[in-house]
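Engineer: Predicted model and sequence below, questions to follow.
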Amino acid sequence: MSYKTAMWCCSDLMFKGHKMDYKVEIAKLIKIDDVSFDEILSLVVAAKDSALADFAFPCFKFAKTLRKSPVIIANEIVSSIEKPAFIESIEAVNGYVNFKLSKLNFVKETVDKTLALGESFGKSTEGAGKTICIDYSSINIAKPFHMGHLSTTVIGAALYRIYKKLGYSVVGINHLGDWGTQFGKLIVAYKMWGDKEDINNRGINALLEIYVKFHKEAESNPELNDTARNWFKKIEDGDSEAMELFLWFKEVTLRDVQKIYDRLDVHFDSYNGESFYNDKMQPVIDELEAKGLTKISNGATIVEFDQSEDMPPCLIKKADGATLYATRDMAAAFYRKNTYDFYKSLYVVAYQQNLHFKQLFKVIEMMGYDWAKDMIHVPFGMVSIEGGKLSTRDGNVVFLEDVLNTARDKALEIINEKNPDLENKQDVAEMVGTGAVVFGALVGSRIKDISFSYDKVLNFEGETGPYVQYTYARCCSLLNKIESSGSINYDNLTSTESYELIKLIDKYPDIVEDAGAKYEPSIVTRYIYNLAVQFNKFYLEQNISNSNEQDKCARLAVVKIVQNIIKDGMSLLGIKCPTKM
RNA sequence: GUUCGCGUGGCGUAAUCGGAUAACGCAAUCGCCUCCUAAGCGAUAGACUGUGGGUUCAAUUCCCGCCGCGAACGCCA
């Protein structure tokens, strides 16, 4: 069967569950007196060095109870096993039982299955009938999008796509920061210096300018703050002029930010932010009081925790009666539960807010809702610039748009140098530039702090987005140039480079699942990178165009599979891959 | 001060819920385009995994102390 026909001949989608689970099969082979299957299974590990084995079973644990050395135990296990067809060899080495799979069998199974599944490879049904809410990006109105917002945006968006791939229905929520006295300030500033046309044209930057100007002016003219408070009160009261301006600021901001979201391929299903919950907090407060959870302390309404929790109290209402962050988030939590009946509700928010979410979840649990356990804070590290803290006020800030533009320009420069005749240069440069930025934000474990530097972001070599994109373009080029009419010679795919590559290919579904389970997109990022590395080794070792028809067909099948996975994996991260670069 | 998180070659990171010789990239040095995209590939050099204990046949991984860095710790979000 040719690699092209193979893609169509399998109508039945074989997801992960149908695949042979080698760990289980191997565990079944091993019998030790008084040791359960589950314990044996838990000890079977994928071998680190595949020159030694594919799977290994360490015997050290049983030395004491069996009163034999691990080496002897391993030997006995080996001689007790009748080698099944899917195993090539079983060997006892230094107390380990090493299993090597039958390469031909494995290669054939994996290649056929993967080709047949095409782009649905890696999909799963684990999320069927379940809804996951993800709160991410959550920008503030009238504030520019800077590097500090990148992590929440791309991590949240990646999780969004990963859960979709796993079969969940997903609700992406941009919990807008669209409430507070700053809107009163903006109105005052606008009335004093605002230029409607300018703001419509320049968007957030224009808004920010008059906002900054207000703060300067208010230093010498403090009564401006009172005027601002009055205007904010008018927004609260629904005054038509105030509302009109407020909504306009919001619209201008969203329109502006949408450009960034489009470039990052980020999407939301809801923009219900702080203002949306304004009228939904009182019922929560009432319920807290009815359940006797609140207390008045120095005039403020608080919820105290049990001593064993070792947490400071959660502030529900200020002494002046105004609500707070936590109150709003509680209203949002109830709204989301009632509206979406979520299976899980994620908050992709920096670890600075660890305590806040711990308190929030605990309060809801104290109210008697067991779904409190389904709310999960997905924390990530902070961004600093050259060691300094990010601060709009101190001007120590890097705007994301500038970073994306700089990266795009650098990519264009490289294209002009290396491949000046490339068509769609601008588009490719955009893909490569943003690819580098997004990939860079998603390679490391999310909990690690990030120190921003243009040097790092503008490096397009090695462990980077452009490296992976380049590999993808290589795949496309091969498939474009080389034709094959033969059928797959699977024997050709048992060389070290091929076999290692196919082993990696086989792992993709597990990788996506693992990334979802751990809320960790970097698992996908690193996998795709490793896949590209292994592919490049394969590419170097195997000359495809000069091989005979059946070998060519086999190799092209692998190229096709890798091309699919790279495209799919990168799309989970929100990165597009050009076919040429 | 209290609580939480982090500490791996010069730098940035990895190590599949304890497993075999700690892996990769950047930077450095050297090599590879008459041949499928050199944004690539290979090689060399570089680490007592912060530190001191403990548990274990086995610890980067788990537990405790210490050191360093970061964050949070009542009317901001």
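Structural biologist: That came through, no problem. The shown structure was predicted, so the numbers you read here are calculated from the model rather than taken from an experiment.
Engineer: When you work out contacts or count neighbours from here on, use the C-alpha atoms and nothing else.
Structural biologist: Noted.
Engineer: Show me which residues of the stretch 151-300 of chain A are close to RNA strand B?
Structural biologist: For the stretch 151-300 of chain A, the residues in contact with RNA strand B (CA under 7 Å from any atom of the strand) are A:177, A:180, A:274, A:296, A:297, A:298, A:299, A:300.
Engineer: Apologies, that question was intended for the stretch 1-150 of chain A.
Structural biologist: If contact is defined as CA under 7 Å from any atom of the strand, the residues of the stretch 1-150 of chain A in contact with RNA strand B are A:43, A:45-48, A:52-53, A:55-61, A:64, A:93-94, A:96-98.
Engineer: Now that we have those residues, which of them are buried?
Structural biologist: Neighbour counting over those (16 or more other CA atoms under 10 Å) leaves A:46, A:47, A:53, A:55, A:56, A:57, A:58, A:59, A:60, A:96, A:97, A:98 as the buried ones.
Engineer: Could you tell me which residues make contact with the last one?
Structural biologist: Listed by CA atoms under 8 Å, 6 or more residues apart in numbering, the contact set of residue A:98 reads A:52, A:53, A:54, A:55, A:56, A:57, A:89, A:90, A:91, A:92.
Engineer: Show only the entries of those found in strands.
Structural biologist: Counting by DSSP state E, the part of these found in strands is A:55, A:56, A:57, A:89, A:90, A:91, A:92.
Engineer: Tell me where the model's unsure across chain A.
Structural biologist: Within chain A, the stretches falling below the threshold (pLDDT under 70) are A:1-20, A:387, A:391-395.
Engineer: where do the strands sit along it?
Structural biologist: A:45-46, A:55-58, A:87-93, A:96-101, A:131-135, A:169-173, A:294-297, A:300-303, A:314-317, A:344-348, A:375-378, A:383-385, A:388-389, A:450-452.
Engineer: Deepest in the core, which of these is it.
Structural biologist: strand A:131-135 (a mean of 24; mean count of other CA atoms under 10 Å).
Engineer: And that strand, what does it pack against?
Structural biologist: Contacts of strand A:131-135 with other secondary structure elements, assessed using 3 or more CA pairs under 8 Å, 6 or more residues apart in numbering; DSSP states H and E, are made with helix A:150-165, strand A:169-173, helix A:325-340, strand A:344-348.
Engineer: neighbours around residue A:279, how many?
Structural biologist: For residue A:279, the tally of surrounding residues (other CA atoms under 10 Å) stands at 10.
Engineer: RNA strand B versus that one, what's the distance?
Structural biologist: Taken as CA to the nearest atom of the strand, to the nearest Å, the spacing of residue A:279 relative to RNA strand B amounts to 15 Å.
Engineer: Could you measure from the residue of chain A most remote from its centre over to residue A:547?
Structural biologist: Among the residues of chain A, the one whose C-alpha is farthest from the average of all C-alpha positions is residue A:67, by CA atoms, centre = their mean at 48.4 Å. Computed with CA to CA, to the nearest Å, the distance linking residue A:67 and residue A:547 is 55 Å.
Engineer: just residue A:432 next, same as before
Structural biologist: Noted for residue A:432: a distance of 32 Å to residue A:547, by CA to CA.
Engineer: between those two, which one's more packed in?
Structural biologist: Neighbours per residue (other CA under 10 Å) separate residue A:432 from residue A:547, with residue A:432 holding more: 31 against 12.
Engineer: The more buried one and residue A:408 touch, don't they?
Structural biologist: Yes - Residue A:432 is in contact with residue A:408 according to CA atoms under 8 Å; the separation is 6.9 Å.
Engineer: Just give me the neighbour total for residue A:324.
Structural biologist: The burial count assigned to residue A:324 is 14, neighbours taken as other CA under 10 Å.
Engineer: wait, doesn't residue A:180 sit right on residue A:232?
Structural biologist: Yes - the pair residue A:180 and residue A:232 qualifies as a contact (CA under 8 Å) at a distance of 7.3 Å.
Engineer: before we move on, back to that, quick one, which of the helices and strands packed on strand A:131-135 is nearest to residue A:508?
Structural biologist: Taking CA to CA as the criterion, residue A:508 comes closest to helix A:150-165 out of the helices and strands packed on strand A:131-135, the separation being 12.0 Å.
Engineer: Run the chain-centre distance for the closest one.
Structural biologist: The chain centroid and the centroid of helix A:150-165 are separated by 4 Å, computed with CA atoms, centre = their mean, to the nearest Å.
Engineer: what packs against it?
Structural biologist: For helix A:150-165, the contact count by 3+ CA pairs under 8 Å, 6+ apart identifies strand A:131-135, strand A:169-173, strand A:344-348, helix A:425-442, helix A:496-517, helix A:549-573 as packing neighbours.
Engineer: got the CA positions of that helix in CSV?
Structural biologist: Backbone C-alpha positions of helix A:150-165 (Å, rounded to 0.1, in the frame of the first residue of the first chain) are rendered in CSV as follows:
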residue,chain,number,x,y,z
LEU,A,150,2.2,37.1,27.0
SER,A,151,2.4,34.0,29.3
THR,A,152,-1.2,34.0,30.4
THR,A,153,-2.3,34.6,26.8
VAL,A,154,-0.3,31.9,25.1
ILE,A,155,-0.5,29.3,27.9
GLY,A,156,-4.2,29.7,28.1
ALA,A,157,-4.7,29.6,24.4
ALA,A,158,-2.5,26.5,24.1
LEU,A,159,-4.5,24.7,26.8
TYR,A,160,-7.7,25.8,25.1
ARG,A,161,-6.6,24.0,21.9
ILE,A,162,-5.1,21.0,23.7
TYR,A,163,-8.4,20.3,25.5
LYS,A,164,-10.3,20.7,22.3
LYS,A,165,-8.0,18.1,20.8
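Engineer: about what we covered before: possible to save the ones in strands among the contacts of residue A:98 as TSV with distance to residue A:75?
Structural biologist: As requested, the ones in strands among the contacts of residue A:98 are exported to TSV (distance: CA to CA, whole Å):
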residue	distance to residue A:75
A:55	16
A:56	13
A:57	12
A:89	13
A:90	10
A:91	8
A:92	5
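Engineer: thinking again about what came up before, go through the buried ones among the residues of the stretch 1-150 of chain A next to RNA strand B and say which is closest to residue A:154.
Structural biologist: Nearest to residue A:154 among these is residue A:46, at 31.2 Å by CA to CA.
Engineer: hang on, isn't the closest one packed against residue A:26?
Structural biologist: No - taking CA under 8 Å as the definition, residue A:46 is not a contact partner of residue A:26, at 11.1 Å.
Engineer: returning to what we had before: pull up the overlap in contacts between residue A:432 and residue A:408.
Structural biologist: Both residue A:432 and residue A:408 lack any common contacting residue under the criterion CA under 8 Å, 6+ apart.
Engineer: that older thread, and residue A:180 and residue A:232? Which one has more around it.
Structural biologist: Each of residue A:180 and residue A:232 has its neighbours counted (other CA under 10 Å); residue A:232 has more, 26 against 15.
Engineer: so the more buried one touches residue A:178, yeah?
Structural biologist: No - with contact defined as CA under 8 Å, residue A:232 does not reach residue A:178; the gap is 11.7 Å.
Engineer: which residues do the two both contact?
Structural biologist: Taking CA under 8 Å, 6+ apart as the contact criterion, no residue touches both residue A:232 and residue A:178.
Engineer: Now for residue A:515, how many residues are close by?
Structural biologist: When counting by other CA under 10 Å, one arrives at 19 neighbours for residue A:515.
Engineer: Fine by me, thanks again.
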